[in-house]
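Participant: fold the following, please.
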Amino acid sequence: MKVIDGGITAAKGFEAAGVEAGIKYQGRKDMALIYSRKPCRAAGVFTSNVVKAAPVLWDKEVVAHSPYAQAVVINAGIANACTGKQGYECCSKTAQAAAEHLQIPADSVLVASTGVIGMQLPQDKLNAGVKKLVEAKADTIEAGQIAAEAIMTTDTVFKQAAVTFEIGGKTVTLGGMCKGSGMIHPNMCTMLCFLTSDIAISKELMQEALSENVVDTFNMVSIDGDTSTNDTLVVLANGMAENPEITSKNEDYDKFVEALNYINTTLAKKMAGDGEGATALFETKVINAATKEDARRLSKSVICSSLTKAAIFGHDANCGRILCALGYSGVDFDPEKIELRLENKDKSILIYKDGVMTDYDEEEASQILASEEVRALVDMKMGTAQACAWGCDLTYDYVKINADYRS
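Facilitator: Coordinates of the predicted model:
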């Protein structure tokens, strides 16, 4: 597997665009398009929130029942959630507009929205935006980047990744883009994320790989404990790499899963590091747990702890915060046996062992916590299972951003 530049347009046959439509924001791009020159097999996972946005309902139907998918239209600024019948009709009309301009069936068009909940989308601006997107679409790296920028809301950076790998003597590409900065607490994935590939693979296997992989990637991210109404993760595969089609779980399938895991992990970490108001990516890695599920619950409990997140922001090596979060995770363990380390890219210090704090250097620990990437490494000494979870520190700016989000 080779990491390459680009994102959503890296794979053969995919084009993208981003334009300014004036949906809610002024003076910035706020609509994006993904288009495949050939029909795609589609797989998707969506929010588990009972309150589902209209685009989620529309996309679930397309992924489950349409013969294929070929385009995605995304807007930023207004979420089209809690908008009733009018909101769903907006999805249908937007898909129809894209279908007319692209000369494809309306039921092959996915739609996605992100932004303020409860507002109706301006259909005239959406239709005009679709026309501009179709006229602007291109297969360049730059076009993919512009699309990634256009779907941002409170994100501070665009997020994309791409890789290539070999299957049956053919070079296969998988790329993707996502947005997510606030309202991040996956119970699928709290974000919008779109992956594209030129791989030939059965729809059933692609869906199985995606559903399994989100458990250890996007579902291990938390910024603020809030699960969105608009969670959408979709994979489109058009088969243009012309590899032997993957129809069983063999070595070729394993290569696809490895690439999928890399892209999803990379994008998940980019979201965590760009949490609203964040100054640091905070990772918790639990090793030697009794079971995989225990490792997941323990690591997620730590990165979700508001007190721990605040301590990271304050560069305070207060291991009590972390130990407390481990203790209420619901996993049974002996606190007298575990070890806890704080790490950055360059240093690792042991701060807790055998039930007591170690004689660590507070200044050195504070320096580690002042890094852009911070890790808590927890050794449970109970088995061989491990898991990682990603979050960020909790800052004053998080409250400022969300106190006036609608303005």
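
Participant: hey, let's count contacts and neighbours off CA atoms from now on
Facilitator: Fine.

Participant: spit out the contact partners of Leu350.
Facilitator: Leu350 makes contact with 339-342, 358, 360, according to Cα atoms under 8 Å, 6 or more residues apart in numbering.

Participant: cutoff 10 Å now
Facilitator: When the contact criterion is Cα atoms under 10 Å, 6 or more residues apart in numbering, the partners of Leu350 are 339-343, 357-361, 365, 377.

Participant: which of the residues you listed sits closest to Ala387?
Facilitator: Closest approach to Ala387 among these (Cα to Cα): Leu377, at 10.5 Å.

Participant: same list, the contacts of Leu350, but as TSV with distance to Met191, neighbour count and secondary structure please.
Facilitator: Shown next, in TSV, are the contacts of Leu350 (distance: Cα to Cα, whole Å; neighbours: other Cα atoms under 10 Å; DSSP: H, G, I helix; E, B strand; the rest coil):
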residue	distance to Met191	neighbour count	secondary structure
Glu339	34	19	strand
Leu340	31	22	strand
Arg341	31	18	strand
Leu342	29	22	strand
Glu343	28	21	strand
Met357	38	15	strand
Thr358	39	13	coil
Asp359	41	9	coil
Tyr360	39	13	coil
Asp361	39	12	coil
Ala365	33	23	helix
Leu377	27	21	strand
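
Participant: from the residues you listed, pick the one nearest Lys52.
Facilitator: Leu377 (35.9 Å).

Participant: in this structure, which helix or strand is least confident?
Facilitator: helix 396-403 (a mean of 74; mean pLDDT, DSSP states H and E).

Participant: in that one, which residues are buried?
Facilitator: Neighbour-count burial for helix 396-403 flags Tyr398 (criterion: 16 or more other Cα atoms under 10 Å).

Participant: can I get that helix as PDB, trimmed to CA atoms?
Facilitator: The C-alpha trace of helix 396-403 is given here as PDB (Å, rounded to 0.1, in the frame of the first residue of the first chain):
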ATOM      1  CA  TYR A 396     -12.600  28.000  26.300                       C
ATOM      2  CA  ASP A 397     -13.100  28.400  22.600                       C
ATOM      3  CA  TYR A 398     -15.300  25.300  22.400                       C
ATOM      4  CA  VAL A 399     -17.900  27.100  24.500                       C
ATOM      5  CA  LYS A 400     -17.500  30.300  22.500                       C
ATOM      6  CA  ILE A 401     -18.000  28.500  19.200                       C
ATOM      7  CA  ASN A 402     -21.100  26.700  20.300                       C
ATOM      8  CA  ALA A 403     -22.700  29.500  22.300                       C
END
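
Participant: which helices and strands sit right next to that helix?
Facilitator: Applying 3 or more Cα pairs under 10 Å, 6 or more residues apart in numbering; DSSP states H and E, we find helix 396-403 packed against no helix or strand.

Participant: where does the stretch 51-200 of the chain dip in pLDDT?
Facilitator: 181-190 (pLDDT under 70).

Participant: at 80 instead, please
Facilitator: Filtered on pLDDT under 80, the stretch 51-200 of the chain yields the residue ranges 154, 180-190.

Participant: which parts of it are strands?
Facilitator: Secondary structure of the stretch 51-200 of the chain (DSSP state E, counting those that start in this stretch): strands at 69-78, 109-116, 159-167, 170-179, 192-197.

Participant: make a markdown table out of the ones you listed and add distance to Asp139.
Facilitator: Listed next are those as a markdown table, based on distance: least, Cα to Cα, whole Å:
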| stretch | distance to Asp139 |
| --- | --- |
| strand 69-78 | 14 |
| strand 109-116 | 18 |
| strand 159-167 | 14 |
| strand 170-179 | 13 |
| strand 192-197 | 12 |
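
Participant: identify each buried residue in the longest helix along the chain, please.
Facilitator: The longest helix of the chain (DSSP state H) is helix 251-273. If you call a residue buried by 16+ other Cα under 10 Å, then helix 251-273 has these buried ones: 252-253, 256-257, 259-273.

Participant: now the residue positioned nearest the centre of the chain, nearest residue through space, not along the chain?
Facilitator: The residue lying closest to the centre of the chain (Cα atoms, centre = their mean) is Ala268, at 4.7 Å. Of all residues not flanking Ala268 in the chain, Phe218 sits nearest, at 5.4 Å (Cα to Cα, 6 or more residues apart in numbering).

Participant: mind checking the SS state of Ala389?
Facilitator: strand (DSSP: H, G, I helix; E, B strand; the rest coil).
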